[in-house]
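> Pasted the sequence and its predicted model underneath.
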Amino acid sequence: MARISLIEPEKASPEVKEIYDGKLKGKPGSIQKALAHRPAMLSNFLGFYASVGRSLDRKLYEAIYLRTSLINGCRYCTQHHIVGSKRAGLTLEQMRALKGGDYSGFGAAEQVALRYAEKLTRTPDGASDADFTELKKHFSDEQIVDLHMLIGLPNLTNRVTGPLALDLEFAPEEL
């Protein structure tokens, strides 16, 4: 059970209702219902969230989000990104491998990105020149910026949804 009240559609202010009906197509999740306490933050967060990682392959996006959420032990984000990973084409075997930190089922570029995401998640100030040498073999500067924002995004959402004890909107799936 969530540790704060969630703003349900029928109790939403007109400003929040407009966001729910527009950007969220009438289906706000628990995180959006929590952020609705701050309508401007909700609106800005949705735009930011939608912009992150768009220069990267969708499978890589989901793999990084899922792996980061698994490292952080965030049940809410893990479950949402199991669903997203399936939609992006990750197999159950790949998702289980991510859970165990095994990146061997991914291509060279994906392995570099996943190792780097794990490194920054575990040690935020751990980036080295050697890491950038490896990243630049596979990614443009635009993609490297996107990769950093993508690594930061689940680290942010994991630290919101977990401590707030947000409930899943659907039945969980175990890996």
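Yes, it's here.

> And for the nearest residue to Ser140 once chain neighbours are set aside, the neighbour number?
Take Ser140 and drop its neighbours on the chain: the residue closest to it by Cβ to Cβ, 6 or more residues apart in numbering is Ser55, 7.6 Å away. Heads up, the C-betas are built off the backbone N, CA and C, glycines and all. Applying other Cβ atoms under 10 Å, we find 15 other residues in the vicinity of Ser55.

> now Ala2
Ala2 has 13 neighbouring residues, counting by other Cβ under 10 Å.

> Begin at 636 from now on, thanks
Sure thing, new numbering starts at 636, so read that last one as Ala637.

> Pull the contacting residues for it.
Ala637 makes contact with 665, 669, 799-802, according to Cβ atoms under 8 Å, 6 or more residues apart in numbering.

> I figured Ala732 was touching Gln746, is that so?
No - if you go by Cβ atoms under 8 Å, Ala732 and Gln746 don't touch, sitting 11.1 Å apart.

> Could you pull out the residues contacting both of those two?
Between them, Ala732 and Gln746 share these contacting residues under Cβ under 8 Å, 6+ apart: 738-739.

> Compare these two (neighbour count), which wins?
Set Ala732 next to Gln746 and count neighbours by other Cβ under 10 Å: Ala732 wins out with 19 against 15.

> what comes into contact with stretch 786-795?
Contacts of stretch 786-795 (Cβ under 8 Å, 6+ apart): 666, 669, 684, 687-688, 699-700, 703-704, 707, 709, 712, 716, 751-752, 755-756, 759.

> Pull out the buried residues from it.
786-790, 792-793, 795 (16 or more other Cβ atoms under 10 Å).

> Please apply the same query to stretch 667-676.
667-671, 674.

> In this structure Leu801 contacts Ser665, no?
Yes - Leu801 lies in contact with Ser665 (Cβ under 8 Å); the separation is 4.0 Å.

> hey, what's in contact with both of those two?
The contact sets of Leu801 and Ser665 overlap at 637, 641, 711 (Cβ under 8 Å, 6+ apart).
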